[in-house]
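S.K.: 3D model of this:
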Amino acid sequence: MTSSFPEIRQFIDGEWRRGSGTSAETVLDPATARPLTEFAHAGLDDVDAALDAAGRSATGWRATAPEERYRVLRRAADLLRARIDTAVPVLSREQGKPLAESRAELEGSAAILDWYAEEGRRAYGRIVPGAPGSRLMVVQEPVGPVAAFTPWNFPATTVTRKVGAALAAGCTIVIKASEETPATAVAVFECLAQAGLPAGVANLVLGNPAQISERLLKSPVIRKVSLTGSIGVGRVLGHLAVENDLVTTMELGGNAPVIVFDDVDVDAVAIACATAKFRNAGQVCNVPSRFYVHERVADRFVERVVEFARKLRVGPGVEVDSQMGALANARRRDVMAGFVDDALAHGATIHDVGRLPGDDGFFFAPTVVADVPDDAKIMREEVFGPIVPVARFSDTDDVIRRANDTTYGLGSFVFTESLDLATRVSDALEAGMVGVNTTVLSRTETPFGGIKASGHGYESGIEGLEAYMRRKAILQHSPLRSV
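M.R.: You can find the predicted model right below:
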């Protein structure tokens, strides 16, 4: 164990406590596969205490003025920024990503809290014209206590998106953060607690996912579920939500197509795509994933991505010169090897171009796979790792069909210098978000969400706040009197 690693505790009803569960979690360093710390899981008594706290404090937080919610969230954002130098290495150690990426994530998470602090003061309703003496109003209200579930790939971003939106809307919340990256969630909650958040308004439980999720979603306290996770988990929670009449927001991953036309600056586009794809060792749901490159420029595109990958410094995230860290866990490494083997069996050409720092940890070499057929697993399933699969195309209508031939629908990308092609293709792509000549789909100010198996609902933007609110129509008329 690493003695300097933060202590992991549950945050329930305004207090830090040791989990009362009978099982425990060992948090591993992805770069070494060695333990960082161990903590006791939350028991069902802890989950029930969090539910009781969220339910008991719901009325008071709902009645709290938006200006006070604003002040709490802004103070939490300021505290997170003030502690960023301490939080950055912790995030890199437990998740594996390089220090620069951890810093960017934490800075972005503080900005998310700022955004929702401000947006919560603009949860406007509307007045509808009616007969004289009447008032027809539509008001927005908090949906009620929320159960939220966050993954390990962005342990600060996903927590602050859900906490920030829920608190700004006037909802209380219980978050089950990833047990593989718990220290970052703890750091965020420390900032919330010290910012003056009333006891019980936000609660953090860490432990057995199946046990905790079932307890939360079967409770009459919870009125909404927000999940960032896999399709499989989404379906399980979705069934529980339907059985208990819960509102849901589901962000369930993707396998984003990238269409690169032959009129682009190929070198610039290849470098941009490779930079995005290898960020966080490819463990990002909304990055370019399936590359369809026009046959006239496909060879050059592959060549430039291979050159980029060969120069990429792969190493422990806490080392300042590392540009790509380890995968988060051993199972992800094994899945990557399976994708490569399957692509090879389908006749693809493998460019295993990365250099690994050694035999320790969960590293996987940056890999480029050329001339991949559409029926290879890597083109059909979410990869979530540092592999760039490239296929060729010649016809625009055909490549749009191939791009849309997927169960996923989170993000899509198109690169072209033609305004006509940009408009036509972005309109035709079936996805919740489309990037035109950019690899960035996630902005605090714009909605983030998918369609089809990638989920439903939105985070970020005004839509992210509205996801935690319900609309009520109030039709008010003059008192009734006898003639």
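
S.K.: show me the contacts for the closest residue to residue 290 other than its chain neighbours.
M.R.: Nearest non-adjacent residue to residue 290, counting by C-beta to C-beta, 6 or more residues apart in numbering: residue 257, 4.7 Å away. C-betas here are computed from N, CA, C, even on glycine. Contacts for residue 257 were tallied using C-beta atoms under 8 Å, 6 or more residues apart in numbering; they are 289-290, 292, 402-404, 406, 412-413, 429.

S.K.: out of those, who's nearest residue 186?
M.R.: residue 289 (31.3 Å; C-beta to C-beta).

S.K.: residues near that closest one, how many?
M.R.: A count of nearby residues for residue 289, using other C-beta atoms under 10 Å, gives 31.

S.K.: Now do it, the pLDDT please.
M.R.: Looking at residue 289, its pLDDT reads 97.

S.K.: Could you do residue 275 as well?
M.R.: 97.

S.K.: next one: whichever strand or helix holds it to chain centre, how far?
M.R.: Here residue 275 sits within helix 266-278, counting by DSSP states H and E. Relative to its parent chain, helix 266-278 has a centroid offset of 22 Å by C-alpha atoms, centre = their mean, to the nearest Å.

S.K.: can you check stretch 45-61 too?
M.R.: 25 Å.

S.K.: contact partners of that stretch?
M.R.: So stretch 45-61 is contacted by 10, 12-14, 17, 19-21, 42, 69, 142, 144-146, 167, 170-174, 198-201, 203, 205, 207, 212, 215-216, 219, 221-222 (C-beta under 8 Å, 6+ apart).

S.K.: In contact with residue 479: list those residues for me.
M.R.: Residue 479 touches nothing, counting by C-beta under 8 Å, 6+ apart.

S.K.: The closest residue to residue 47 other than its chain neighbours and residue 287: what is the separation?
M.R.: Excluding the flanking residues, the one nearest residue 47 by C-beta to C-beta, 6+ apart is residue 215, at 4.6 Å. Residue 215 sits 34 Å away from residue 287, going by C-beta to C-beta, to the nearest Å.

S.K.: neighbour-wise, which of the two wins?
M.R.: Applying other C-beta under 10 Å to residue 215 and residue 287 shows that residue 287 carries more neighbours, namely 27 against 23.

S.K.: what's the domain layout of the protein?
M.R.: Following automatic domain parsing, the chain resolves into domains at 10-252, 257-436.

S.K.: Out of these, flag the one nearest residue 468.
M.R.: Minimum separation from residue 468 across those (C-beta to C-beta) falls at domain 10-252, 3.7 Å.

S.K.: nearest to residue 460, of the domains of the chain?
M.R.: So among the domains of the chain, domain 10-252 is nearest, using C-beta to C-beta, at 6.6 Å.

S.K.: Would you work out how far apart the start and end of that closest one are?
M.R.: End-to-end distance for domain 10-252: 26 Å, by C-alpha to C-alpha, to the nearest Å.

S.K.: could I get the contacts of residue 257 as JSON lines with distance to residue 89 and secondary structure?
M.R.: Formatted as JSON lines, the contacts of residue 257 follow (distance: C-beta to C-beta, whole Å; DSSP: H, G, I helix; E, B strand; the rest coil):
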{"residue": "289", "distance to residue 89": "29", "secondary structure": "coil"}
{"residue": "290", "distance to residue 89": "34", "secondary structure": "strand"}
{"residue": "292", "distance to residue 89": "39", "secondary structure": "strand"}
{"residue": "402", "distance to residue 89": "43", "secondary structure": "helix"}
{"residue": "403", "distance to residue 89": "39", "secondary structure": "helix"}
{"residue": "404", "distance to residue 89": "42", "secondary structure": "helix"}
{"residue": "406", "distance to residue 89": "38", "secondary structure": "coil"}
{"residue": "412", "distance to residue 89": "35", "secondary structure": "strand"}
{"residue": "413", "distance to residue 89": "32", "secondary structure": "strand"}
{"residue": "429", "distance to residue 89": "39", "secondary structure": "coil"}
